[in-house]
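# Next come a sequence and a model predicted from it.
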Amino acid sequence: MSFTSFYFLCFYACVLIIYYLIPAKLQWIFLLVSSAAYYLLSGNGILILYPVVACLVAYAGICVMGRTADVKKRRLALVGVVVLLIGCLFLLKYINFGINTVNGIAGLLGFGDIITGFHFMIPLGISFYTFSILGYVIDVYNQIAQPQKNFFKMALYGMYFPVILSGPIIRYREDGEQFFQPHPFEYKRVVFGMQRMLWGFFKTLVISERMNLVVNTVYDNYANYTGVYIWVATICYAFQLYTNFSGGMDIALGMSQTFGIKLPENFETPFFAKTISEYWRRWHITLGVWMKEYVFYPLLRTHAFSELGKRCREKLGKKRGKQVTTFIAMFILWFTVGIWHGGDWKFVIGSGLLHWFYIVMGELLNPVYGRIMRKCHMNGDNGWVNGWRIVRTFLLVNIGFVFFRADSTIAACRMLAGAIHVGNIGMLFDGSLFSMGLDLIEFTIAIASLFILLTVSILQQKEDVRERIARKNIVVRWIIWYALLFYVILLGYYGPGYSAAEFIYQGF
Amino acid sequence: MTREAAYEKLNEVFRDVFDDEEIAVNDSTTSNDIADWDSLEHINLIAAVEQEFGMKFSMGQVVAMKNVGEMMDIILSQIS
């Protein structure tokens, strides 16, 4: 049940009304029941057993940790939970990745498929709920989060319906307790939440769905397109993915705000980033924070990495030795980030190792870049230089998006090779642009909508736009919000006759 | 060891890790105050502090400390 479907809006309206009609101390129980109902209505009902069992496993683990100070027992409980949760994730999502890779290598050596793949039904949101739950268990082990004694509260944390399908990845120690507190009705909070949901619908239904038409035209028939067509489709995909994912986050965070539950932000205008590292601090923020805390830090603090660091510093000197150790740890980190998105090399490359390569090259070339800047007497904080950095970062990210969206790694490589030929740049001016799925009017609507998005994104950096609008007089306020509402109703792609694409990150 | 004496040693560690002789940290210093203090340098800093003071931070402490003051509290609680 997609957030943008009519049935979901009916479901949400019922939940919200009942939520504020029942006694406040029962609200969390009602949210748990609603979350279970949402999961059951969103796909194959039997698959709800997966998140329920994951919560049970985690609950058993934190119960053990809560009852004993014995380090060995606590560690055993942690290892048990990690093995079971990651094992389940690996089995359902990645076993075929391993099998396909082995079969691919065997094929290159002249053998046929030597292992047969498995076909499992994958529960919705497995990567999101697994990480949220796992992070909590590790925090309890590290004694920075309190063990939850009530299984049903644990289940609400693990299965909270606004976040279970596509995040954000939540952290119990920061977000957990508010789920169980009473939230009396507060007009401003509910209205602000709904306004944010409306903004999410605008991004998803008006922009993302339009971009989708251009992207599908080229990516589904990539052999027929070269040069600028691929550039245009890929840039459209960047905006499609951003508006789809961040729009989904606006709906999730706004919806949660109407319940009085504040969730962590997942985006901060990522396409304004000046470097790849900064981009990842602005795009899918909660995944980045999770990976840093639960993969990267622990990895660097292992005995093996400490020893490696010492040897590298001895042989290569302090600075270079530190860099080499970090780059190796970062390789593992980015491989993990890539594979989190899906068991396919196109994800491992497009969302992982390619970005690792960018960051490593950025670190290595930084001194050269600094020397060039000094020779040219250019100020690093010059507006033009920063503008160039933003464009450069956006283009580099787009190369990753080609892998992310293409059918396979081979298809992505062919498209990138095809994109080099730019003899057809005239297509931007001779009307061919309007043969890519959007006619002149639709294209104009898409550009105008992107301009609105850009303006709001710039304003949002200075102050919450909803607060700014709330200070205007009632006529201006109503004109703005009703204009947006009718913009979405009139220009959005939705309804019974149209099958809106699902949230892309829902598949992860 | 007094807090002042510990800060003298800690400042040396910061200067060494971040290659900046001008650095002087205090209780309220955070990663926002030092240009290169990102997640990579944080771990390098932790390792250097552990080596200098002969103590060990738990993983929970590593991710939960919000400023240098909290880091100093942990150091003093372990070496005293």
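Arrived safely.
# Would you check how far apart residue A:39 and residue A:178 are?
Going from residue A:39 to residue A:178 by C-beta to C-beta, to the nearest Å gives 21 Å. Every residue, glycine included, has its C-beta placed from N, CA and C.
# cool, and residue A:408?
Separation of residue A:408 from residue A:178 (C-beta to C-beta) stands at 43 Å.
# Leaving out chain neighbours, which residue sits closest to the residue in chain B that chain A sits nearest to?
Closest contact between chain B and chain A, by C-beta to the nearest C-beta, is at residue B:60 (3.1 Å). Once flanking residues are discounted, residue B:60 sits nearest to residue A:142: 3.1 Å by C-beta to C-beta, 6 or more residues apart in numbering or on different chains.
# Just confirm the one you found contacts residue B:59, I think it does.
Yes - assessed by C-beta atoms under 8 Å, residue A:142 is found in contact with residue B:59 at 4.9 Å.
# These two: who's more crowded?
residue A:142 (22 against 18; other C-beta atoms under 10 Å in any protein chain shown).
# So what does the more buried one have for phi and psi?
Here is the backbone geometry of residue A:142 (degrees, to the nearest 10): phi -80, psi 0.
# Which residues are in contact with it?
B:58-60, B:63 (C-beta atoms under 8 Å, 6 or more residues apart in numbering or on different chains).
# Tell me how far the residue positioned nearest the centre of chain A lies from chain B.
Centroid-nearest residue in chain A: residue A:284, 4.2 Å away (criterion: C-alpha atoms, centre = their mean). Residue A:284 sits 15 Å away from chain B, taking C-beta to the nearest C-beta, to the nearest Å as the criterion.
# Then residue A:320?
From residue A:320 to chain B the distance is 13 Å (C-beta to the nearest C-beta).
# Which strand or helix spans that residue?
Taking DSSP states H and E as the criterion, residue A:320 maps to helix A:318-340.
# Is the residue of chain B closest to chain A in contact with residue A:293, as I believe?
No - using C-beta under 8 Å as the test, residue B:60 is too far from residue A:293 to be in contact (10.1 Å).
# Looking at these two, which is more packed in?
Neighbours were counted for residue B:60 and for residue A:293 using other C-beta under 10 Å; residue A:293 has more, 20 against 17.
# check contacts around that one.
A:135, B:63.
# by contact count, what packs against the helix or strand harbouring the residue of chain B closest to chain A?
Using DSSP H and E, residue B:60 maps to helix B:59-64. In terms of contacts (3 or more C-beta pairs under 8 Å, 6 or more residues apart in numbering or on different chains; DSSP states H and E), helix B:59-64 is packed against helix A:297-300, helix B:39-53.
# Spit out the contact partners of residue A:202.
With C-beta under 8 Å, 6+ apart, residue A:202 has these contacts: A:247, A:449, A:452, A:484, A:487-488, A:492.
# that older thread, settle it for me: which of residue A:39 and residue A:178 has more neighbours?
Neighbour tally, residue A:39 and residue A:178, criterion other C-beta under 10 Å: the higher count belongs to residue A:39, 24 against 15.
# was I right about the more buried one contacting residue A:161?
Yes - Residue A:39 lies in contact with residue A:161 (C-beta under 8 Å); the separation is 7.1 Å.
# pLDDT at residue A:427, what is it?
Note on residue A:427: pLDDT of 81.
# So, low pLDDT: which residues of the chain?
I went with chain A, as the question did not name one. A:495-508 (pLDDT under 70).
# tell me which parts of chain B are close to chain A?
Proximity of chain B to chain A, by C-beta under 8 Å from any C-beta of the partner chain, involves residues B:19, B:38-40, B:42-44, B:46-47, B:58-64.
# at 7 Å what do you get?
Taking C-beta under 7 Å from any C-beta of the partner chain as the measure of proximity, chain B contacts chain A at B:39-40, B:43-44, B:58-60, B:62-64.
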